[in-house]
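Trainee: Quick one: sequence plus predicted model below, questions after.
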Amino acid sequence: MILEEIMSKEVYTLKQENSIKDALRLMEDKKIRHLPIVTDDGAVSGLVTDRDIKQAVPSTLIGKQDSGLYDTPLSEIMTRDPMVGHPLDFVEDAAVLFYENEFGCLPVVSGGRLVGIITETDLLYTYIELTGASQPGSQMEVRVPDVAGVLFGVSKVFYRHNSNVLSVLVYPDKDSSTHKILVIRVKTMNPLPIIEDLRKEGYEVLWPNVPGIDR
């Protein structure tokens, strides 16, 4: 999946000469926390967040309209030349940037112009959609050998049960470098027959650990 598929294309922006007061009004009106600062030709020159504003305007002055701090131009508080993404960047790579740099948004630029924005909320929603967590179903964790073709063998069990698999995630096994953990979400509320067959095929089902079924 690429950023173009999940980014918000309606991006609210301001210019460097706009004031903190302008930013506060726009953020409150649109219920947003991040404002890309753009030039006249649409290039990203900076970024202002609600945190920047809180640091610039002490909490004791918030709401006092006579404070001259509200007239401070955004050029004085913005983060200059922020990190940006491209519409064709992979969502996974963007998630790594969010994690490593601890920021809350990523402006998306194409041809030198701002075309979208990705936020932490967008990434979280995408994760929920990819894992099928928003749909009714059951989740199971299966430890398998890290060998070619193992996923095909596991999938045959689900096929025999005519079960609709919503998602499959693969994680390293912290206890064994020769195994992987499959996290499978399936569209059924009763996974017990599937679990039983997986164990009959020699696969170790870690979750759910259902009493009464031979391991």
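Mentor: Received, thanks. Everything numeric in this text was worked out from a predicted model, so none of it was measured. Numbers count the residues shown, from 1 in each chain.
Trainee: contacting residues for the nearest residue to Glu92 once chain neighbours are set aside?
Mentor: With sequence-adjacent residues excluded and distances taken as Cβ to Cβ, 6 or more residues apart in numbering, Glu92 is closest to Met1, at 8.0 Å. All C-beta atoms are positioned from the backbone trio N, CA, C, and that covers glycine. For Met1, the contacting residues are Phe90, Val91, Glu92, Thr126, Leu130, by Cβ atoms under 8 Å, 6 or more residues apart in numbering.
Trainee: Return the set of buried residues in stretch 138-156.
Mentor: Of the residues in stretch 138-156, those buried by neighbour count under the rule 16 or more other Cβ atoms under 10 Å are Ser138, Gln139, Met140, Glu141, Val142, Val144, Pro145, Val150, Val154.
Trainee: typed the wrong thing, it's stretch 198-210
Mentor: Leu198, Arg199, Tyr203, Val205.
Trainee: Equivalent analysis for stretch 42-61, please.
Mentor: Val44, Ser45, Gly46, Leu47, Val48, Thr49, Asp50, Asp52, Ile53, Ala56, Val57.
Trainee: bridging residues for the nearest residue to Cys105 once chain neighbours are set aside?
Mentor: Once flanking residues are discounted, Cys105 sits nearest to His34: 4.0 Å by Cβ to Cβ, 6+ apart. Beta bridges link His34 to Thr49 when assigned by DSSP bridges.
Trainee: and His34, how many neighbours?
Mentor: Burial measure for His34: 23 neighbouring residues, criterion other Cβ atoms under 10 Å.
Trainee: how close does it get to Ala43?
Mentor: 17 Å (Cβ to Cβ, to the nearest Å).
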